[in-house]
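Engineer: one predicted model, sequence on top.
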There are 2 protein chains.
Amino acid sequence: MSTVGKAVSLLELFTLHEPEIGLSELARRAGLDKATARRLLMALAAHRLIEQEPRSRRYRLGAGLSRLARIRDAHFPFVRLAAPVIRELSLETGETVHLSEFSAGALLTLHVELSAKANRVNVDVGQVLPLHGTASGIAFLAASRLEAVGAYLEKPLQAFTSFTMTQPDDLVKAIALAASRGYSRSAQGYEEGVHSIGAAILGTDGQPIGTLAVASPVSRVDDATAAGQGEAAVRAARLISARLTGEA
Amino acid sequence: MSTVGKAVSLLELFTLHEPEIGLSELARRAGLDKATARRLLMALAAHRLIEQEPRSRRYRLGAGLSRLARIRDAHFPFVRLAAPVIRELSLETGETVHLSEFSAGALLTLHVELSAKANRVNVDVGQVLPLHGTASGIAFLAASRLEAVGAYLEKPLQAFTSFTMTQPDDLVKAIALAASRGYSRSAQGYEEGVHSIGAAILGTDGQPIGTLAVASPVSRVDDATAAGQGEAAVRAARLISARLTGEA
DNA sequence: CCCGACGGTTCACTATTTGAACCAGTGTTT
DNA sequence: AAACACTGGTTCAAATAGTGAACCGTCGGG
């Protein structure tokens, strides 16, 4: 791997649950030598992508990231515009709702609004979702150009659970159904016990740029509930699309 | 420079005003070979810190940055908590107000709320402010521990304008005055024609973590105006500090 | 139809990165 | 209090990864 890749993978070790990590631990998890990890951290720190807590000497993500993200968000205010709609949808459905952006062949989870219920689905910001096997992915493919779908189906489809669709034919049917309904439905295709309803969010050129999904425990969802969530998800996705393109 | 440093400096070429740049332009500005720049961009793109617009083939900052920034902000919600207060202060004073975070020996501008007036001070997100020579810096030093101030004064002080304080003695006096008043005042110490009032924002341990500053054209500020801005800045800074530490 | 941009690729050369072994400090266990 | 097991941090010869001049093909004016 390139040294740049190694440096970035150090950044990716930090999570919402573990925002500060020590040198040895970082080196261990990244599979790097301590000396190497430190040199990379110092290089990142010089540009403020990493900061070191002076007292504990532990490392954390730096202010430079906030800065760069602000530049990106100003140009492409996806999360900023979508967040309130996601929140509203979560309150309306009572379920966890997450927002993903398409990036490098997969969906990257950018924002999550958790259900208030005790029995809820937990999703982490940063989780990478495959296009097949998740409701978000199916919804995304259903809104994509046919050639993009074809290219994706060329590659082998990894199974994540025993429910994951791995046959291109099955996937094509699911995509067609999602296209006709406007939303996708998927149960346990990526994680056991999770039911999801997904809808695509479109950019200015009409191409999908991301998705939102309502995620519930399978036990809580029947066909009628799913249909209701679907309608709500489509409305929310359309609202975000409209705001992105400057309407409303 | 390390390859990591080069890669990050590519990221830093993107600004609010120029959020998409082509390969040759990036290489030129970073002082890198085209082949090198491309390899670094690919490494960054693999981790979604960079994206490439498929049509124009130009590069832009990637979704991975939003993700990492969200992790940082969740741990350390500085901008999120401060932004509304900054906005309020800008409306109240009618002037540009900017928020900075201390990082690696300097203040990094994270957020700006511009004045509605035609004749206003413009500040860019990402601008790095020195501790001496800016109202923000003086306010920060005034809230810092004495040993930190001493260490900073050891190093030579660069002059940015003919008004920049470069004598440690002068700086000590300015810091003492700021400490007694609660806010700092600086005219044209960093940029010609700009008058600023700064106030420090304190973290949970009582140590300063950043500043806010009201920036006006010098022509618009007399002593009474400055005093008013100072009081307002202190109130705003205290409010942000309180919110950071969980109060209010 | 040429010219000069552009994005992208190749490969011999070389400079940067690597990691085992080494400190020093700290807190726990014996 | 001595031994231990961690931690963060440093060094330098060996090896790997990075570099850039020269090369495509393409695009858009003049």
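Structural biologist: The structure has been received and is ready for your questions.

Engineer: got any ranges where chain A has weak pLDDT?
Structural biologist: A:247-248 (pLDDT under 70).

Engineer: for chain A, which segments are assigned as strands?
Structural biologist: A:20-21, A:50-52, A:59-61, A:96-103, A:106-113, A:128-129, A:184-187, A:194-202, A:208-217 (DSSP state E).

Engineer: just give the closest residue to the residue in chain A that DNA strand D sits nearest to, not the sequence neighbours.
Structural biologist: The minimum distance from chain A to DNA strand D, using CB to the nearest atom of the strand, falls at residue A:22 (2.2 Å). C-beta: built from backbone N, CA, C; applies to glycine. Of all residues not flanking residue A:22 in the chain, residue A:58 sits nearest, at 4.9 Å (CB to CB, 6 or more residues apart in numbering or on different chains).

Engineer: quick one, what contacts the one you found?
Structural biologist: Listed by CB atoms under 8 Å, 6 or more residues apart in numbering or on different chains, the contact set of residue A:58 reads A:20-22, A:52.

Engineer: for residue A:151, the count of nearby residues, please.
Structural biologist: The number of residues packed near residue A:151 is 12, by other CB atoms under 10 Å in any protein chain shown.

Engineer: to clarify, my last question referred to residue A:148.
Structural biologist: When neighbours are counted by other CB under 10 Å, residue A:148 comes out with 15.

Engineer: need the contact list for it.
Structural biologist: Contacts of residue A:148 by CB under 8 Å, 6+ apart are residue A:141.

Engineer: please name the nearest non-neighbouring residue to residue A:239.
Structural biologist: For residue A:239, the spatially nearest residue (CB to CB, 6+ apart) is residue A:85, at 5.3 Å.

Engineer: hmm, back to that, which one among the contacts of residue A:58 gets closest to chain B?
Structural biologist: Of all those, chain B sits closest to residue A:20, with 7.5 Å by CB to the nearest CB.

Engineer: and that closest one, how far from residue A:60?
Structural biologist: For residue A:20, the distance to residue A:60 equals 5 Å [CB to CB, to the nearest Å].

Engineer: who touches both of the two?
Structural biologist: Counting by CB under 8 Å, 6+ apart, the contacts common to residue A:20 and residue A:60 are A:14, A:53, B:75.

Engineer: out of those residues, grab the one that's most surrounded.
Structural biologist: Within those, residue A:14 tops the neighbour count with 22 neighbours, counted by other CB under 10 Å.

Engineer: grab the nearest non-local neighbour of that one.
Structural biologist: That would be residue A:61: by CB to CB, 6+ apart, it lies 5.2 Å from residue A:14.

Engineer: got it, and residue A:159?
Structural biologist: Of all residues not flanking residue A:159 in the chain, residue A:166 sits nearest, at 5.1 Å (CB to CB, 6+ apart).

Engineer: which residues touch residue A:220?
Structural biologist: Counting by CB under 8 Å, 6+ apart, residue A:220 touches A:95, A:119, A:195.

Engineer: neighbour-wise, which one of the residues you listed leads?
Structural biologist: Highest neighbour count within the contacts of residue A:220: residue A:95, with 28 neighbours (other CB under 10 Å).

Engineer: and which of the shared contacts of residue A:20 and residue A:60 is nearest to DNA strand C?
Structural biologist: Nearest member of those to DNA strand C, counting by CB to the nearest atom of the strand, is residue A:53, at 14.7 Å.

Engineer: beta partners of residue A:103?
Structural biologist: residue A:106 (DSSP bridges).

Engineer: which ones are touching the most centrally placed residue in chain A?
Structural biologist: The centroid of chain A falls nearest to residue A:109 when counting by CA atoms, centre = their mean (1.6 Å). Neighbouring residues of residue A:109 by CB under 8 Å, 6+ apart: A:98-100, A:123-129, B:67.

Engineer: now render the residues you listed as JSON lines, adding neighbour count.
Structural biologist: Formatted as JSON lines, the contacts of residue A:109 follow (neighbours: other CB atoms under 10 Å in any protein chain shown):
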{"residue": "A:98", "neighbour count": "28"}
{"residue": "A:99", "neighbour count": "29"}
{"residue": "A:100", "neighbour count": "29"}
{"residue": "A:123", "neighbour count": "23"}
{"residue": "A:124", "neighbour count": "12"}
{"residue": "A:125", "neighbour count": "20"}
{"residue": "A:126", "neighbour count": "18"}
{"residue": "A:127", "neighbour count": "16"}
{"residue": "A:128", "neighbour count": "14"}
{"residue": "A:129", "neighbour count": "24"}
{"residue": "B:67", "neighbour count": "27"}
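
Engineer: just put those residues in JSON lines and tack on distance to DNA strand C.
Structural biologist: Below are these laid out as JSON lines (distance: CB to the nearest atom of the strand, whole Å):
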{"residue": "A:98", "distance to DNA strand C": "31"}
{"residue": "A:99", "distance to DNA strand C": "28"}
{"residue": "A:100", "distance to DNA strand C": "25"}
{"residue": "A:123", "distance to DNA strand C": "33"}
{"residue": "A:124", "distance to DNA strand C": "28"}
{"residue": "A:125", "distance to DNA strand C": "28"}
{"residue": "A:126", "distance to DNA strand C": "23"}
{"residue": "A:127", "distance to DNA strand C": "27"}
{"residue": "A:128", "distance to DNA strand C": "23"}
{"residue": "A:129", "distance to DNA strand C": "26"}
{"residue": "B:67", "distance to DNA strand C": "23"}
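
Engineer: farthest pair in these?
Structural biologist: For those, the farthest-apart pair by CB to CB is A:99 and A:128; their separation is 13.8 Å.

Engineer: which one's the longest helix in chain A?
Structural biologist: Looking across chain A with DSSP state H, the single longest helix is helix A:223-244.

Engineer: who does that one touch, helix- and strand-wise?
Structural biologist: Under the contact definition 3 or more CB pairs under 8 Å, 6 or more residues apart in numbering or on different chains; DSSP states H and E, helix A:223-244 sits against helix A:78-93, strand A:194-202, strand A:208-217.

Engineer: can you rerun that using 10 Å?
Structural biologist: helix A:78-93, strand A:96-103, helix A:135-143, helix A:168-181, strand A:184-187, strand A:194-202, strand A:208-217 (3 or more CB pairs under 10 Å, 6 or more residues apart in numbering or on different chains; DSSP states H and E).

Engineer: now find how far off-centre that helix is within its chain.
Structural biologist: Computed by CA atoms, centre = their mean, to the nearest Å, the separation of helix A:223-244 from the middle of its chain amounts to 17 Å.

Engineer: what's near enough to touch residue A:177?
Structural biologist: Contact criterion CB atoms under 10 Å, 6 or more residues apart in numbering or on different chains gives A:138, A:142, A:183-185 as the residues in contact with residue A:177.

Engineer: need the residues of chain A near DNA strand D, please.
Structural biologist: A:2-4, A:22-25, A:34-35, A:38, A:52, A:57-58 (CB under 7 Å from any atom of the strand).

Engineer: what's around residue A:183, how many residues?
Structural biologist: Neighbours of residue A:183 using other CB under 10 Å come to 28.

Engineer: all good on my end, thank you.
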